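[1] Structure for this input, please:
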Amino acid sequence: MEDKDLQQLFQSFSPELPSDTFFMRALEANLQKVEFIRRQQAVARRQNRRAVVVAAATGFVAGVVFMLIMPYITSFIAAASSQIPALLLSLASLSDILTVLSWSVVGIVTAGLSLSSYQLAMTLQTSVTSK
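    Take a look at the predicted model:
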C-alpha cells in the first residue's frame with residue numbers, strides 16, 4: 001500500500017526548473033569565486049615560501065654567529081655557575097651540564113629568532129598586499 005502512495009507522490013512531483021540564463025549566471029558567479037580562491041591561495045603560497053626563506057636565512061646567520069661566540073657563552077655560563085652552591089656545582093661538573101646548557105641556550109635563541117623572523121615576514125607581506 002505504501003509503495004503505491006510513494007509512486008503517486010513522485011509521479012505528481014514536477015519541480016519548476018530555473019531558466020538557462022539564471023543557471024549560467026549562477027554557474028559563472030561560482031566559477032569566479034573559485035578562481036578568486038585559487039588566486040588567493042597562490043598568493044598565500046608565495047608569501048609562505050618567502051617567509052620560510054627569511055626564517056631559514058635568519059637561523060643560518062644566527063647559527064654562524066653563535067658558533068663564533070660559543071667560547072664566550074660557555075665562559076659566561078661557567079662564571080655564572082660559580083655562584084651556584086657547592087652541591088649543585090659538583091653535580092654540574094659530573095654531568096658536564098655547562099656545555100649542554102650553553103648549547104641549549106644557543107638552540108633556543110636561534111629557534112626563537114627564526115620563528116620571530118618568519119612571523120615578521122608574514123606580517124609585513126600581509127600588510128603590503130592588503131593595501
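[2] which one's the longest helix in this protein?
    Using DSSP state H to assign secondary structure, the helix with the most residues in the chain is helix 20-68.
[3] Report all helices and strands that that helix contacts.
    In terms of contacts (3 or more Cβ pairs under 8 Å, 6 or more residues apart in numbering; DSSP states H and E), helix 20-68 is packed against helix 97-129. (Each C-beta comes from the backbone N, C-alpha and C, glycine too.)
[4] For the helix it packs on, buried residues please.
    Residues of helix 97-129 classed as buried by neighbour count (16 or more other Cβ atoms under 10 Å): 97-98, 101-102, 106, 110, 113-114, 117-118, 121-122, 125.
[5] Now do it, average pLDDT.
    Across helix 97-129, the average pLDDT comes to 87.
[6] so how far is it from its chain's centroid?
    Helix 97-129 has its C-alpha centroid displaced from the chain centroid by 13 Å (Cα atoms, centre = their mean, to the nearest Å).
[7] Run through who's touching stretch 66-81.
    Here stretch 66-81 makes contact (Cβ atoms under 8 Å, 6 or more residues apart in numbering) with 89, 92, 98-99, 101-102, 105-106, 109-110.
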